[in-house]
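1. here's my sequence, what's the structure:
(one chain, ligands or ions: 2)
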Amino acid sequence: LFAAVELAPRDPILGLNEAFAADPRPQKVNLGVGVYYDEEGRIPLLASVKTAEEARVRQAKPRGYQPIEGPAAYTGAVQRLLFGADSPLLAEGRVVTAQGLGGTGALRIGGDLLRRIVPEATVYISDPSWENHRGIFEAAGFPVRTYRYYDPATGGVDFAGMKAALAAMAPRSIVVLHACCHNPTGADLTEAQWQEVAQTCVAGELVPFLDMAYQGFAEGIDADAAAVHHFLAAGIPFFVSSSFSKNFSLYGERVGALSIVTGSRDEAERVLSQLKRVIRTNYSNPPTHGAALVADVLASGELRAQWEEELGGMRRRIRAMREGLRQRLEAAVPGKDFSFVTEQRGMFSYTGLTPEQVERLKSEYGIYAVRSGRICIAALNARNLDYVAEAIAAVLRG
Ligand code: PLP
Ligand code: TYF
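-> Residues are numbered from 1 along each chain as shown. Ligands and ions are numbered 1, 2, ... in the order given. This is a model prediction of the structure:
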């Protein structure tokens, strides 16, 4: 049976964790995977989450099956976070939301549903993108192509190239867009550019699929939802996958959601019925615990305020690490422009390091980065910042 089974390649990012764990050097630093670490280098358990969890444990609730699309307390909270608490859209019943197994699971049920609705479509992802975008939509049965996005010359977005690519897509093409904190580049669109992208999607009859894995890591909860609001204003149907892995630090609980904006309550009802069919045949219904914690925190005025404060703390720490890295690199490599380090947003910085330089960081310094030159700024702290900056400067000097 298995004689002809080939060894599949490792995930280029998660695979780094294994190599890192096996590295005996005490000074090693893992800048590979996109996870927020605190100043102590630990994945935080947020105090707001801990309080909600302790209360849940005290209540000792039974563990019946959940609704296929997840509990209303959770899906409603997701909708208010993404679309705004007083969005008329919610009152009109035009949004379908289902709990997902993380943002990844949300993308996948969205992909499976779209395959039933627009089976002939091509999916477009940014160049570059989170590599799993390609894998997920190919697994759902779509051909996947890329659109122009990153401009290595500026460290920002090649907006003219992106717009030309969007304008050339066939009607009903699916466009995956990073709503904020672009992974891997950290280069985001401005509000004015979002508005133009939304209008281009209207004109070209495209199907936007916003991926929002880092809400709150750029400017704040509401500001980071600006892309969503520009698509709402454009008045076309669109998809949003969202995740609480990063902003609630609940990675292993696998809490995310898929939201679909439809044209009417009647459309929403039919779309939800099809989405439930997709979910039923995948995993029947979602797990209880992580989503309950998120719903509890967001339902309590006190815990929600505490969560926003904790999220703000993560955001500020990342900014401070960006400043610190930029200053050190500018001091160590005079004449080279490192302004991109503080201009890029979210967890990642696209450093421009070549695969050979990334390899040297690993072999000579025990510093692990993604082959593309992406580093996770959230893995820096006061103890490793000097070491990492010196190592990057050394490999840049050649
Ligand atoms: N989308 C993007 C752009 C991501 O960076 C991530 C990172 O994990 C995900 C989706 C997946 O989120 P989750 O870990 O919740 O599945
Ligand atoms: O890009 C990252 O590092 C995060 C975590 O297959 C991740 O999004 C990486 C690879 C993967 C799943 C999650």
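2. in three-state terms, how would the closest residue to ligand 2 within the stretch 51-200 of the chain be classified?
-> Residue of the stretch 51-200 of the chain nearest ligand 2, by C-beta to the nearest ligand atom: residue 132 (4.5 Å). C-beta here means a position set from N, CA and C on the backbone, and glycine is covered the same way. Following DSSP: H, G, I helix; E, B strand; the rest coil, residue 132 is assigned to helix.
3. residues in contact with it?
-> By C-beta atoms under 8 Å, 6 or more residues apart in numbering, the residues touching residue 132 are 11, 104, 107.
4. do the same with residue 376
-> 30, 31, 32, 33, 34, 35, 347, 348.
5. please repeat the previous calculation with a cut-off of 7 Å.
-> Listed by C-beta atoms under 7 Å, 6 or more residues apart in numbering, the contact set of residue 376 reads 31, 32, 33, 34, 35, 347, 348.
6. need the nearest residue in space to the first one, chain neighbours excluded.
-> The reference is to residue 31. residue 375 (4.1 Å; C-beta to C-beta, 6 or more residues apart in numbering).
7. and residue 198, by the same measure?
-> For residue 198, the spatially nearest residue (C-beta to C-beta, 6+ apart) is residue 234, at 4.0 Å.
8. count of residues packed around the one you found?
-> 18 (other C-beta atoms under 10 Å).
9. from ligand 1, how far off is the residue in the chain that ligand 2 sits nearest to?
-> When distances are taken as C-beta to the nearest ligand atom, the chain reaches nearest to ligand 2 at residue 34, 2.9 Å away. Using C-beta to the nearest ligand atom, to the nearest Å, we find residue 34 at a distance of 5 Å from ligand 1.
10. quick check, that residue in contact with residue 369.
-> No: using C-beta atoms under 7 Å, residue 34 is not in contact with residue 369, being 11.7 Å away.
11. strands of this structure, start to end?
-> For the chain, the strands defined by DSSP state E cover 29-30, 95-101, 123-127, 144-148, 150-151, 156-157, 174-178, 207-212, 238-243, 255-261, 348-350, 367-368, 374-376.
12. quick check: beta-bridge partners of residue 177?
-> Beta-bridge pairing for residue 177 (DSSP bridges): residue 210.
13. using CSV, lay out the contacts of residue 132 together with pLDDT and neighbour count.
-> Listed next are those as CSV, based on pLDDT from 0 to 100; neighbours: other C-beta atoms under 10 Å:
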residue, pLDDT, neighbour count
11, 85, 14
104, 98, 20
107, 98, 27
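14. out of the residues you listed, which is nearest to ligand 1?
-> Closest to ligand 1, out of all of the contacts of residue 132 and judged by C-beta to the nearest ligand atom, is residue 104, at 3.3 Å.
15. for the closest one, give me its contacts.
-> Taking C-beta under 7 Å, 6+ apart, we find residue 104 in contact with 132, 136.
16. same question, the one 3 residues further on
-> In this structure, residue 107 makes contact with 136, 211, 241, judged by C-beta under 7 Å, 6+ apart.
17. got a pLDDT number for the residue most central in space within the chain?
-> The geometric centre of the chain, computed from its C-alpha atoms, lies nearest to residue 213 (C-alpha atoms, centre = their mean), at 2.5 Å. Note for residue 213: predicted pLDDT of 98.
18. for it, give its distance to residue 97.
-> 16 Å (C-beta to C-beta, to the nearest Å).
19. how close does residue 290 sit to ligand 1?
-> Residue 290 is 10 Å from ligand 1, by C-beta to the nearest ligand atom.
20. that residue and residue 76: what is the separation?
-> Note on residue 290: its distance to residue 76, by C-beta to C-beta, is 16 Å.
21. give me the more crowded residue out of the two.
-> A count of neighbours by other C-beta under 10 Å puts residue 290 above the other of residue 290 and residue 76, at 25 against 16.
22. what about the closest residue to residue 193 other than its chain neighbours, neighbour count?
-> Sequence neighbours aside, residue 159 is the residue nearest to residue 193 in space, at 5.7 Å (criterion: C-beta to C-beta, 6+ apart). By the criterion of other C-beta under 10 Å, residue 159 has 17 neighbours.
23. just the pLDDT at residue 159, thanks.
-> 98.
24. OK, contacts around residue 13?
-> Taking C-beta under 7 Å, 6+ apart, one finds 32, 33, 370 in contact with residue 13.
25. could the residues you listed go into JSON lines alongside pLDDT?
-> As requested, the contacts of residue 13 are exported to JSON lines (pLDDT from 0 to 100):
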{"residue": "32", "pLDDT": "95"}
{"residue": "33", "pLDDT": "94"}
{"residue": "370", "pLDDT": "96"}
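26. tell me the buried residues within the residues you listed.
-> Buried members of the contacts of residue 13, scored by 16 or more other C-beta atoms under 10 Å, are 32, 33, 370.
27. from ligand 1, how far out is the residue nearest to residue 345 when sequence neighbours are not counted?
-> Spatial nearest neighbour of residue 345, chain neighbours left out: residue 218 (4.3 Å); criterion: C-beta to C-beta, 6+ apart. Going from residue 218 to ligand 1 by C-beta to the nearest ligand atom gives 13 Å.
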